[in-house]
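Trainee: I need the structure of the sequence given here:
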Amino acid sequence: MTMAIEAPMAARLNAPRGGLAVIADLLPRITFALYMILFFAYLFLPLAVMTAATFNTSKFPTVTPWLGTTLHWFSALWADQAMWKALWVSILIGFCVIAIALPIGTAAALFLTSLDGRARSFFYAVMVSPLLTPGVAIGIATLILWRQAGVGGGLWLIILAQSSFIAAYVMLMVTARLQRFDRTLEEAAIGLGASRFMVFRRILLPYLKPSLLAATLIAFLQSFENYNTTLFVRGTETPLTVYIATKVRTGLTPAVNALGLILIVLTITAAVALEAVKRRRAQSGESSAGPSGR
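Mentor: Numbering: from 1, shown residues only. Okay, the predicted model is just below:
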């Protein structure tokens, strides 16, 4: 009796499936594939258009109409001393912002993780508030505050204005790392006679190294691309973002596209080199550990 019932069921399961059933099985895969195509197109299509415009003869950054292929805009970029000066100003500001925002953000994270309850929630809201404030408001407030102290706009005011909110990014990244830190390591080290500074240098700092490196990169990128805050406090200085915005109004050329292409190539090269170094270190660590280490 059981075999008589199971035979039709097996035949039904092994029977060819209809077209609608096959489409229903493939629909999630097709939807996911379309989503990934749209996602990567949204990310990389503007970069592809910018790259193509670098080699167009047109004096305006565009790919339509295509007037011919040229490398002239790389030589135009090399001859644009004002753009190079703006680039070096942005790089200098970025490194100075790192020097200020990194210790402030790390100290804020250490202070925040030492609190409990409502005090922690209150100070967290206070420390994150610069990220929720529009960049225009931060720029104007910084300019008004330091003008009262007799300091006009300029390089140092740009650094101070950017550091006031970029330090919050550092604080968030270090705080996320500290939440997984085992505090008993500190207690054990202090119990063995280590000073607070030694505990920080020998235990806490190596543990925070990955998040500090990531926070350094984020701080530099946030400083490098900032425009709203920088515009109000720049004085006579012209960082790259302000320079490009000015060129948009006065006449932008594909030399800016050439600079963007060079920065993209350098970024990708640095990322690939870093990943290769990490994999080489991981492989050397596994080979040195041996079977017993594994």
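
Trainee: Phe39: neighbour count?
Mentor: Residues lying near Phe39 (other Cβ atoms under 10 Å) number 10. Where C-beta positions appear, they are placed from N, C-alpha and C, glycine not excepted.

Trainee: Relative to Pro103, how far out is it?
Mentor: Distance of Phe39 to Pro103, given as Cβ to Cβ, to the nearest Å: 37 Å.

Trainee: Tell me which residues touch Val242, please.
Mentor: Listed by Cβ atoms under 8 Å, 6 or more residues apart in numbering, the contact set of Val242 reads 86, 227, 230-231, 234.

Trainee: likewise Gly154?
Mentor: Contacts of Gly154 (Cβ under 8 Å, 6+ apart): 233-237.

Trainee: Same question for Leu261.
Mentor: Counting by Cβ under 8 Å, 6+ apart, Leu261 has contacts 50-51, 54.

Trainee: how does it look with 6 Å?
Mentor: Counting by Cβ atoms under 6 Å, 6 or more residues apart in numbering, Leu261 makes contact with 51, 54.

Trainee: Give the buried residues for whichever strand or helix holds it.
Mentor: Taking DSSP states H and E as the definition, Leu261 sits inside helix 255-293. Buried residues in helix 255-293, counted by 16 or more other Cβ atoms under 10 Å: 255-261.

Trainee: Check stretch 178-193 too.
Mentor: Buried-residue list, stretch 178-193, by 16+ other Cβ under 10 Å: 178, 186, 189.

Trainee: Could you dump these into CSV with distance to Val272, pLDDT and secondary structure added?
Mentor: Below are the buried residues of stretch 178-193 laid out as CSV (distance: Cβ to Cβ, whole Å; pLDDT from 0 to 100; DSSP: H, G, I helix; E, B strand; the rest coil):
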residue, distance to Val272, pLDDT, secondary structure
Leu178, 31, 88, helix
Glu186, 38, 80, helix
Ala189, 38, 82, helix
